[in-house]
Structure formats: structure tokens, C-alpha cells
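Enquirer: got a structure for you, letters missing:
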């Protein structure tokens, strides 16, 4: 499967799992077919769309050796075709939904989007690399999805808010967005992060664009964008803790800064997790 094909599975403002499920149902009747007699004698000698095979795999009476053979044929095809990668993801969608439900409980829609994207990324990688000689392949195929979902949940829960502090803390008298932009400008001027990294952080943290959407606009994979943002946020957090970066540096002031409306505000002491194309964050020449 091409990287472009894989990225397309993770894009869009709708739920990533919803996008894959829709594509699965669109492709299955005509493109995702397995001949039963070529898979296992237990199946009838006729073409089976993967949507029907998914129902068969979920039936208690289906022998495990039949399930494994369906998976082996699907995974081999998925390693050669983006359509069949969609088929493999659709075939294990019940398990992926369970992982997303568990990991996404209590999160915001944007955070759940990140969790689902992480689950799909991990599953695609597992389809590419899993040992096909395993017994009960579906279990081994979906374990990384559960781990990736919980890891993404922890990252989203632990990520500082854009101007520091706990997720639920708020000060209605403070324009945190304007102050956070100043912090990013100061970080770029101080050489802590690049302007591209500041754009990525601002676009996904302040403007709440989906990371998968931003990655698509940049022409990179979701996983690459996530790693870039994570590394930039780590450097930014360390610089804020050490006092190397202060929002006042963006304005040439030491203690106060105007927000975007011109009101003078106390500057926050630290900022949070932030990743790419944001004109308001470009350093002044």
C-alpha cells in the first residue's frame, strides 16, 4: 500500500473510523471479494464480499482455522493494494471500535479523533508486519490498536493546555489564545522551535484543526506529523520551565503584553503542547 493511500484513510473532519467503514462498504461488493473454495473448504465455492465474511467471522460457530485463512488472504492482498488495506481495516472494525470506545471515554471530539487516528496507524503497521503463521491472527492483529489507543489517550490527557495549567482551568479575564501566540513567536525568535513547528502547534492546538487534516495538507503521514509536534512541544515545555522563553520577548516587554484586542494582560508563566502554516506566528523581520 502506498503512503498516500494510507494517509487518505486517516483524513477528513469526520471520525477516522467512520471514514474507513464507509470506504469498506463502498468497496466490498465489487472490489473486496474472496473465493470461498480458495480460502477454506468450509466455505461455499463462490465469491464472498468482505462485508459478508466479517459477519461470518463474528459468528460463534465459525472454526478458528477458517477465520485465520480469511485473515491470511486479506492481509496478503492488503500488503499489495490500498483498497485491500481498507478491507483489512474494515474486517477488524468491531475490534477497532472497541479500542476507540475504551480509549476515547471522556475525551473531547478532537482528542477522540487523535485516538482513532493512532489506532488506525498502529493497525496498518501491524497488517504490514504481522507473522501470518500465527494462530488466531485477529487477536495478534488488534493488540497494537488497543495499546496505541490508550497511549494516545494518555498523551492527550497529559498534554498541557495551550497556556499551561490543567485542562479544566480557565480564567475568563485572560485572552489565552493571544498570549499563547506570543509565546510561540518568542520561541521561534529564541531558536527553540522553528516557524514550521510553531505553525503546526498553533494550527492543531490553538485552532483545533485535526492533526490528520494538517498532515494531509503538508503532504506527510499522520505519524510523522505527530512525532514532529511531540518533539517541538517537548523543547517548548523545557524552555518555558527554564524561563528561556517568555511571551514578553515577542513584544520587547518584560512583564506585560497586549492581547489581540489591545488590552494589557499579565503574561502566563508557561505554555503547553502545541504543530504548521500560520501567518500570525511568523517572526517579524
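Expert: Looks like it arrived, so ask away. Nothing here was measured: the structure is a model prediction, and the numbers come from that model. Residues are numbered from 1 along each chain as shown.
Enquirer: list the buried residues for stretch 127-146?
Expert: 127, 130, 137, 138, 141, 142, 144, 145, 146 (16 or more other Cβ atoms under 10 Å). (Glycine included, C-beta is placed from N, CA and C.)
Enquirer: dump those to JSON lines, plus distance to residue 98.
Expert: Output for those, formatted as JSON lines (distance: Cβ to Cβ, whole Å):
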{"residue": "127", "distance to residue 98": "18"}
{"residue": "130", "distance to residue 98": "19"}
{"residue": "137", "distance to residue 98": "17"}
{"residue": "138", "distance to residue 98": "12"}
{"residue": "141", "distance to residue 98": "13"}
{"residue": "142", "distance to residue 98": "9"}
{"residue": "144", "distance to residue 98": "14"}
{"residue": "145", "distance to residue 98": "9"}
{"residue": "146", "distance to residue 98": "8"}
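Enquirer: contacts for stretch 16-36, please.
Expert: 9-12, 43-51, 53, 70, 73-74, 83-84, 86-87, 89-90, 93, 96-97, 100, 113, 116-117, 119-120, 212 (Cβ atoms under 8 Å, 6 or more residues apart in numbering).
Enquirer: element containing residue 22, please.
Expert: For residue 22, the host element (DSSP states H and E) is helix 16-27.
Enquirer: tell me the mean pLDDT for that helix?
Expert: Mean pLDDT, helix 16-27: 96.
Enquirer: buried stuff in stretch 102-117?
Expert: By 16+ other Cβ under 10 Å, the buried positions in stretch 102-117 come out as 103, 104, 107, 111, 112, 113, 114, 115, 116, 117.
Enquirer: residue 84: neighbouring residues, count only.
Expert: When neighbours are defined as other Cβ atoms under 10 Å, residue 84 has 23 of them.
Enquirer: apologies, that question was intended for residue 56.
Expert: By other Cβ under 10 Å, the residues close to residue 56 number 16.
Enquirer: quick check, it in a helix?
Expert: Yes - assigned with DSSP: H, G, I helix; E, B strand; the rest coil, residue 56 falls within a helix.
Enquirer: isn't it right next to residue 69, touching?
Expert: No - contact criterion Cβ atoms under 8 Å: residue 56 and residue 69 do not qualify, at 11.7 Å.
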